[in-house]
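Colleague: here's a sequence, model it:
(one chain, ligands or ions: 1)
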Amino acid sequence: MSDALLRLDGVGIRFGGLQAVGDLSFSVRQGQVVGLIGPNGAGKTTAFNLITGVYRPSEGRIELDGRDITGWAPHRIARAGIFRTFQTIRLFYGQTVLVNVLAGLHLQTRQHWWQGLLGTPFQRREEVELRAKVRELLARLELDTVADEDVASLPYGLQRRVELARALIAKPRLLILDEPAAGLNDQESAALNRTILAVRDQGISVLLVEHDMNVVMNVTDNIVCINFGRKIAEGTPEHIRNHPQVIEAYLGKDDDEDDVQAPVSRPAHLAAGGGGA
Ligand SMILES: Nc1ncnc2c1ncn2[C@@H]1O[C@H](COP(=O)(O)OP(=O)(O)OP(=O)(O)O)[C@@H](O)[C@H]1O
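Modeller: Numbers count the residues shown, from 1 in each chain. Here you go, the predicted structure:
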């Protein structure tokens, strides 16, 4: 028995002649933040799509809590506890933050569609409970002051956090974030870091694809680096930062030294632990 929440074992997919992901194996434990990095076209989004059921692997096995979920449909995987956000924001503009986050609860409500139409006492009671739950979460994510505002009126960084809140309200076991820091300024990305760590502290695992190395290096416990669809390195942020194959994959052998990503400082919680491929 492994203690992994999510486990990929030799997972791969081909698109025609192209092996977009091949022999990919890694795990995410409960309450761990794992980064999936790699240069453009490395196969990160494809790996996400394999995990969330958008693509069916042509080889390998994917397990959630020891249960084989390979080839499950996306809605079934979501019900099992794997939620994702997308590279582009997908919110309901013209609706409040509260309503947007409430929408994330649709998998949890017990009511039938006709109860919603009739406005039965059961439905009204449930609605009140759910709204209270959403407000509580918004307070935890420092979004309570904008709960009743139209999401369209919010700055981009806050919209990103509303998306996170919408995914979190459904109590995922694993949250998959696809480039959550894209387009954020430094202040917004620092707020995002705090949110990701708060999510982790609730025992929710996070799998993060992110180009912003400040985010990746500061919030992850473990990083998997892929190139041409295959894993080339795995380990702590420190291990990955200094890994020759990772540096080569990002920069190419002959690239100018000036392009090297400046090392970023690491908080204490990342200082411990070690090792990797
Ligand atoms: N549906 C598809 N059909 C054919 N080829 C695809 C498909 N999806 C992805 N690919 C190819 O698979 C490879 C991996 O793409 P993918 O989008 O997963 O990379 P990525 O690491 O997410 O890149 P980026 O960082 O640029 O988003 C690329 O060569 C891409 O062109």
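
Colleague: so where do the strands sit in the chain?
Modeller: For the chain, the strands defined by DSSP state E occupy 4-15, 18-29, 33-37, 59-64, 67-68, 82-84, 174-178, 205-209, 222-227, 230-235.

Colleague: in JSON lines: the ones you listed, plus mean neighbour count, mean pLDDT and distance to the ligand.
Modeller: C-betas here are computed from N, CA, C, even on glycine. Listed next are the strands of the chain as JSON lines, based on neighbours: other CB atoms under 10 Å; pLDDT from 0 to 100; distance: least, CB to the nearest ligand atom, whole Å:
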{"stretch": "strand 4-15", "mean neighbour count": "19", "mean pLDDT": "97", "distance to the ligand": "3"}
{"stretch": "strand 18-29", "mean neighbour count": "20", "mean pLDDT": "96", "distance to the ligand": "3"}
{"stretch": "strand 33-37", "mean neighbour count": "24", "mean pLDDT": "96", "distance to the ligand": "9"}
{"stretch": "strand 59-64", "mean neighbour count": "18", "mean pLDDT": "98", "distance to the ligand": "15"}
{"stretch": "strand 67-68", "mean neighbour count": "10", "mean pLDDT": "96", "distance to the ligand": "23"}
{"stretch": "strand 82-84", "mean neighbour count": "23", "mean pLDDT": "91", "distance to the ligand": "13"}
{"stretch": "strand 174-178", "mean neighbour count": "24", "mean pLDDT": "94", "distance to the ligand": "8"}
{"stretch": "strand 205-209", "mean neighbour count": "23", "mean pLDDT": "95", "distance to the ligand": "7"}
{"stretch": "strand 222-227", "mean neighbour count": "24", "mean pLDDT": "96", "distance to the ligand": "7"}
{"stretch": "strand 230-235", "mean neighbour count": "19", "mean pLDDT": "97", "distance to the ligand": "11"}
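
Colleague: a markdown table for the ones you listed, including distance to P74?
Modeller: Shown next, in a markdown table, are the strands of the chain (distance: least, CB to CB, whole Å):
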| stretch | distance to P74 |
| --- | --- |
| strand 4-15 | 15 |
| strand 18-29 | 17 |
| strand 33-37 | 18 |
| strand 59-64 | 13 |
| strand 67-68 | 16 |
| strand 82-84 | 9 |
| strand 174-178 | 12 |
| strand 205-209 | 16 |
| strand 222-227 | 22 |
| strand 230-235 | 24 |
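
Colleague: correct me, but A181 touches A191?
Modeller: No: the pair A181 / A191 is not scored as a contact, 10.3 Å apart, by CB atoms under 8 Å.
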